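Novice: Give the three-dimensional model of this entry:
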Amino acid sequence: MSAYPESIERLIEELSHLPTIGRKSAQRLAMFLVEKPQEDVHRLADALMAVKSQVHHCSICNNLTDHEICSICEDGNRDHHVLCIVEDVPSLIAIEKTQHYRGLYHVLSGLLNPMQRIGPDDLNLEQLIHRIGTEDVEEVIIAFSPTLEGDVTANFIHDVLKDTSIRISRIASGIPMGGSLEYFDEMTLAKAMDERRNL
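Specialist: As a prediction, this is how the structure comes out:
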């Protein structure tokens, strides 16, 4: 039998389903919310409902937006000849935070994974192929994490585009800035050696 009232127990249960939130964290969050003024809790509830009712995927790139087209696709100052393909929206946001890339994006919403039966039809690949065929794309940058699934998906996209005139590149992987070689595993060092470049 729970020591909490039923309504708090229900809140704890719901909060514990959130990523990285275990039972103890859910209890702390629930107690925090119980002690907050009612208007603060209403604002939180309104924000949650607004996200669910207003946010959807951009009809062009599959990014999240509360408009028909996301702000990146609408930006006329971006380079519309370069398309960066990412696994998901958090990957897009990570690249945007660098303030270094000024092209467009295409969000796949996953990676190929035969073990989990995730094939080309389960991803946003058909829309990608349509974009490349109808837009003036000169370069495609594949920006996936260096995992087996990332490699499989990158190779699949390369095979689809290899007979086109589009330049295909992939972000480098290996040693991060400020890293010490002695602390990296063999696979990371091997990847860094394979992807070395001339100075």
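
Novice: Would you mark the buried spots in the lengthiest strand in the chain?
Specialist: If you go by DSSP state E, the chain has its longest strand at strand 79-86. Across strand 79-86, burial judged by 16 or more other C-beta atoms under 10 Å covers 82-86. C-beta coordinates here come from the backbone N, C-alpha and C atoms, glycine included.

Novice: Put together TSV for the residues you listed, with distance to residue 27 on each row.
Specialist: Shown next, in TSV, are those (distance: C-beta to C-beta, whole Å):
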residue	distance to residue 27
82	48
83	45
84	41
85	41
86	36
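
Novice: Residue 155: which of these is nearest?
Specialist: residue 85 (12.8 Å; C-beta to C-beta).

Novice: Look up which residues are beta-bridged to that closest one.
Specialist: Per DSSP bridges, the residues bridged to residue 85 are residue 106, residue 142.

Novice: check contacts around it.
Specialist: 105-106, 108, 128, 140-144, 157 (C-beta atoms under 8 Å, 6 or more residues apart in numbering).

Novice: Please indicate which of those residues has the highest neighbour count?
Specialist: Using other C-beta atoms under 10 Å as the neighbour test, the contacts of residue 85 are led by residue 105, with 26 neighbours.

Novice: Hmm, that residue is touching residue 72, no?
Specialist: Yes. In this structure, residue 105 is within contact of residue 72 by C-beta atoms under 8 Å, at 6.2 Å.

Novice: Relative to residue 69, how far out is the residue sitting nearest the centre point of the chain?
Specialist: The geometric centre of the chain, computed from its C-alpha atoms, lies nearest to residue 88 (C-alpha atoms, centre = their mean), at 2.4 Å. Distance from residue 88 to residue 69, counting by C-beta to C-beta, to the nearest Å: 19 Å.

Novice: tell me, how many neighbours does the residue lying closest to residue 41 once chain neighbours are set aside end up with?
Specialist: Closest residue to residue 41 apart from its sequence neighbours, by C-beta to C-beta, 6 or more residues apart in numbering: residue 33 at 5.9 Å. Neighbour count of residue 33, defined by other C-beta under 10 Å: 15.

Novice: quick one, what contacts residue 33?
Specialist: Counting by C-beta under 8 Å, 6+ apart, residue 33 has contacts 11, 41, 44.

Novice: try residue 162
Specialist: residue 168.
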